[in-house]
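1. Give me a 3D structure for the following:
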Amino acid sequence: MGTDVIMLASGKGGTGKSTVSVLLGAELAARGRRVLLVELDSGLRSVDYIAGVYGKTVYDVEDVLSGRCETGKALVESPLYRDLYVISAPYSGGQIRADALEMFIKVVGPVFDTILLDTAAGMGAAFQAAAGVANRALLVLTPDPIASRDGHIVCDALIQAGCSDIRLILNKTPSRLDDCGVESLDECIDTIGAQLIGVIPQSSDMRKAGCSGKPLSPRGKSKAALRAIAARLCGETVPLVIR
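-> Down below sits the predicted model:
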């Protein structure tokens, strides 16, 4: 089996996509997979902080794709999560070219079991480049009307780009859905048009992980949800607990 290349996308910003990218990568690594997380959100860098590699990175993905440095020099293993390696986005500027990203994936593919591509919000150059190389896509969205509408547009764009294996992660899910303006998760799923792979509850645990780079509580519901999503991505049959 070849390398599993998974892009993580969203329509609007603020869905927690980058936090999910890091923590899902950590769960896949905990299952014995060698994981590379590539941040493609140029100018809005955050993965390095969440993964605990802030201050340890010298080169970024733009340096690699432009040929300014070898891939190995930009790779940093997370001190928080063994076997999770990160290549950060540049702090400013940078351009993600589809041809360069495709060549990069061919070079590093044999070294990793899973490559996660954390794209920018929306459907810009990073999104288009990732869609051209990914064999699977995860839509990370919040359960609200705006995210659902935008998610439907993104889902259609992925299908048009040739990515048919699309799964939905509903993140920041509160206990009361009417607070989000929707009646049920089914309403979100039907609007977006992608098969649900997991629901991550709204929690202070996830907020702390995203804001301070701290691992999740090992017995928390968010940890359990991400562990289950990782298992499903690895082909295991795990019951989907909605609430």
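2. how close does S46 get to I166?
-> Counting by Cβ to Cβ, to the nearest Å, the gap from S46 to I166 is 24 Å. Bear in mind the C-beta positions are built from the backbone N, C-alpha and C, glycine included.
3. Tell me the helix or strand right after the lengthiest helix in the chain.
-> The residue-count maximum for a helix in the chain (DSSP state H) belongs to helix 145-160. Per DSSP states H and E, the first helix or strand lying C-terminal to helix 145-160 is strand 166-173.
4. Could you list every helix and strand in contact with that following strand?
-> Packing contacts for strand 166-173, counted by 3 or more Cβ pairs under 8 Å, 6 or more residues apart in numbering; DSSP states H and E, involve helix 17-30, strand 136-141, helix 145-160, helix 185-192, strand 195-201.
5. What lies in contact with it?
-> For strand 166-173, the external contacting residues (Cβ atoms under 8 Å, 6 or more residues apart in numbering) are 15-17, 20, 136-143, 151, 155, 158-159, 185, 188-189, 192, 194-202, 206, 229.
6. distance between that strand and the chain's centre?
-> From the chain centre to the centre of strand 166-173 is a distance of 11 Å (Cα atoms, centre = their mean, to the nearest Å).
7. what angle do that strand and strand 195-201 make?
-> Relative orientation of strand 166-173 and strand 195-201, computed by axes from the mean of the first three to the mean of the last three Cα atoms, to 10 degrees: 20 degrees.
8. Within its sheet, name the partner strands of strand 166-173 and how each one runs.
-> Paired with strand 166-173 in the same sheet, following DSSP bridges, are strand 136-141 (parallel), strand 195-201 (parallel).
9. Report how many residues lie close to the nearest residue to A126 once chain neighbours are set aside.
-> Excluding the flanking residues, the one nearest A126 by Cβ to Cβ, 6 or more residues apart in numbering is L40, at 3.9 Å. L40 is flanked by 25 other residues according to other Cβ atoms under 10 Å.
10. One more: the one 5 residues further on?
-> If you count neighbours by other Cβ under 10 Å, R45 ends up with 20.
11. repeat for the one 4 residues further on
-> Residues lying near Y49 (other Cβ under 10 Å) number 17.
12. I figured it was touching G213, is that so?
-> Yes: assessed by Cβ atoms under 8 Å, Y49 is found in contact with G213 at 5.3 Å.
13. So what's the gap between the longest helix of the chain and the chain middle?
-> 16 Å.
14. What of stretch 35-43?
-> Remark: stretch 35-43 is offset 9 Å from the chain centroid, using Cα atoms, centre = their mean.
15. and it, average pLDDT?
-> For stretch 35-43, the mean pLDDT works out to 87.
16. for stretch 189-204, same thing?
-> pLDDT averaged over stretch 189-204 gives 95.
17. One more: stretch 209-226?
-> Computed over stretch 209-226, the average pLDDT equals 92.
18. Identify all contacting residues around it.
-> By Cβ under 8 Å, 6+ apart, stretch 209-226 touches 16, 18-20, 22-24, 26-27, 49-52, 54, 80-81, 198-201, 203, 205-206, 208.
19. That one: end-to-end distance?
-> Chord length of stretch 209-226, first to last residue, is 13 Å (Cα to Cα, to the nearest Å).
20. Same question for stretch 207-227.
-> 17 Å.
21. Buried ones in it, by neighbour count?
-> 209-210, 213, 216, 220-223, 225-227 (16 or more other Cβ atoms under 10 Å).
22. where in this structure is pLDDT low?
-> Scanning the chain for pLDDT under 70 picks out 1, 43-44, 92-94, 241-243.
23. show me the contacts for the closest residue to K12 other than its chain neighbours.
-> Once flanking residues are discounted, K12 sits nearest to D150: 5.0 Å by Cβ to Cβ, 6+ apart. Contacts for D150 (Cβ under 8 Å, 6+ apart) come out as 10-12, 141.
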